Structures are given as structure tokens and as C-alpha cells.
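Chemist: Next comes the sequence, and after it the predicted model I'd like to discuss.
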Amino acid sequence: MIRALATAAAGLVLFSGTAAASPIQGAPELTNNDLYRAGKLTKTSCTPKKGTTRAATEKYIRTLVGCLDKAWGRDAIKVEIHYEPDGKKKYKSWPFVSFDGIYVGLADDWIKARNELPVFHGMAAVYGETVLVETGIARAATTLDYHGDEKELEEQERRYAYQKTCLAGAAAKALGRPVKSWKSLLKGNERHWFDQGFKAGGPSACNTWKAPEAKVA
């Protein structure tokens, strides 16, 4: 698997290799990927209840992933959930793409949340990353050269992160989550890319690699 999966625990995608610029150039696997020509996601009824117990939250996550499978028209993705209880250290829930599906480090922040939106967004975004892996975008992202410039590296990482956010927006539209609900959760360019995906209802609006620098700041 790609280094992105190996380093998912740090929430970081490593970029090194061929030359790139802002917007990204010379990387058609990113800028001209077939993903952007895909149609809208399938409208899918999905109303699982987000309870405030561990069992209810795990059930919510698994049901939601099943809904995302239907919306994206893909085979069922394996979900592994490991609970990390709070002690002296307060943990944050941590979903990432694993070698054979999606791994969720579940903590009390998601369990105690009465509002489903943080959990929904986290899972919809990580599901979007499985799409980026399948389409070769995740692998292509790891070949970008940042020329030893940390600011360029950070911009490349934001382009990748905003792409996941955009795909999460498309999923929210397909699963019937109203866009106005996200005003309190997402701000700035993160909200911009979520809205782009939501309006398009699919990945056609999610080409962050061609976006001007201001839209990925």
C-alpha cells in the first residue's frame, strides 16, 4: 500500500518525487483523474440514530459506512473499531484508511456527542479517502515534490485534505444531510470545499489540485 496509509495514524500524507507547482502541474493522475468525470452519488436513505453509548456509536458508524457503500456504488468496506477509553489522557476519535478497509480509533468524544455531524463528517471524509486510494489519487499525491519548501508541502497536504472534505460534502448530499447543518462545524476553505461537493452531489467539483492557492490556504 501507499505511504499515505502507513502514515495515516499521524493524519499526514507524505509528498516527494516529481516536480509540482501551485496549482499542481505535470501530474495528470491528480489533475485529470477519471474521478472528476464520475456522476453524482446515488441518493440513499440513511437515518441511523447517534446514541451516546459505545454500542450505539459503533452501530451508527457501521450503519453509516453501509450507507456510504450504497451511495458510492461500491462493495462493502470492512470497518474495524477499537475503543480507547479516557483516563488521565483525553483521546480524540481517529478514523483512517487501513490496508483492508477503515480503522476507527473510537474515543469518548464521539461516543458522548449528541450531534451526529462530527462523526458523520469524519467517517464520510475517511470513506472519501478510500475512493482516492482506489482511483490512484492517493498514490499519485505521494510523488509530488515540494522542493524542500515546507510551505509548499503544507499546501499539497491541504489540497489532499480538502479533497476528502469535498467528497464528504457529496456524501452528505446523497445521504440527505442539509448543508445548513454544517455552518457550526466547518469554516473557511474547509467549508468552501464541503459546499462544492454538496452542490455537485458527486466528485466532479472536487479537483483541488487545479484550484488557485487562495482556495487551498
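Modeler: That came in fine, so what should we check first?

Chemist: So in the chain, which helix runs the longest?
Modeler: helix 150-174 (DSSP state H).

Chemist: in it, what's buried?
Modeler: 152-153, 155-174 (16 or more other CB atoms under 10 Å). Glycine gets a C-beta too; all of them are placed from N, C-alpha and C.

Chemist: How about stretch 83-92?
Modeler: Under 16+ other CB under 10 Å, the buried positions of stretch 83-92 are Tyr91.

Chemist: Please work out the average pLDDT along that stretch.
Modeler: The predicted model assigns stretch 83-92 a mean pLDDT of 87.

Chemist: For it, measure first residue to last.
Modeler: 11 Å (CA to CA, to the nearest Å).

Chemist: Go ahead and name everything in contact with it.
Modeler: 54, 105-109 (CB atoms under 8 Å, 6 or more residues apart in numbering).

Chemist: and these, which are buried?
Modeler: Buried, going by 16+ other CB under 10 Å: 105-108, out of the contacts of stretch 83-92.

Chemist: Serialize those residues to TSV and add fields for distance to Gly122, pLDDT and secondary structure.
Modeler: Shown next, in TSV, are the buried ones among the contacts of stretch 83-92 (distance: CB to CB, whole Å; pLDDT from 0 to 100; DSSP: H, G, I helix; E, B strand; the rest coil):
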residue	distance to Gly122	pLDDT	secondary structure
Gly105	11	97	strand
Leu106	11	97	strand
Ala107	11	97	coil
Asp108	14	96	helix
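
Chemist: Taking those residues together, which two end up most distant?
Modeler: Spanning the widest gap among those are Gly105 and Asp108, at 11.7 Å by CB to CB.

Chemist: In this protein, what helix or strand scores lowest on average pLDDT?
Modeler: Using mean pLDDT, DSSP states H and E, helix 3-6 stands out as the lowest-scoring helix or strand of the chain, at a mean of 35.

Chemist: After it, which helix or strand is next? Please name it.
Modeler: Past helix 3-6, further along toward the C-terminus, the next helix or strand under DSSP states H and E is helix 28-31.

Chemist: Just give me how far that following helix sits from the chain centre.
Modeler: 18 Å (CA atoms, centre = their mean, to the nearest Å).

Chemist: Same check on stretch 132-146?
Modeler: For stretch 132-146, the distance to the chain centre is 14 Å (CA atoms, centre = their mean).

Chemist: any idea which helix or strand carries the residue of the chain most remote from its centre?
Modeler: For the chain, the largest distance from the centre (CA atoms, centre = their mean) belongs to Lys88, which lies 29.6 Å off. Using DSSP H and E, Lys88 sits within no helix or strand.

Chemist: Next one, pLDDT for the residue positioned nearest the centre of the chain please.
Modeler: Nearest to the mean C-alpha position of the chain, by CA atoms, centre = their mean, lies Ala125 at 2.2 Å. Predicted confidence (pLDDT) for Ala125: 98.

Chemist: Likewise for the one 10 residues further on?
Modeler: Predicted confidence (pLDDT) for Thr135: 96.
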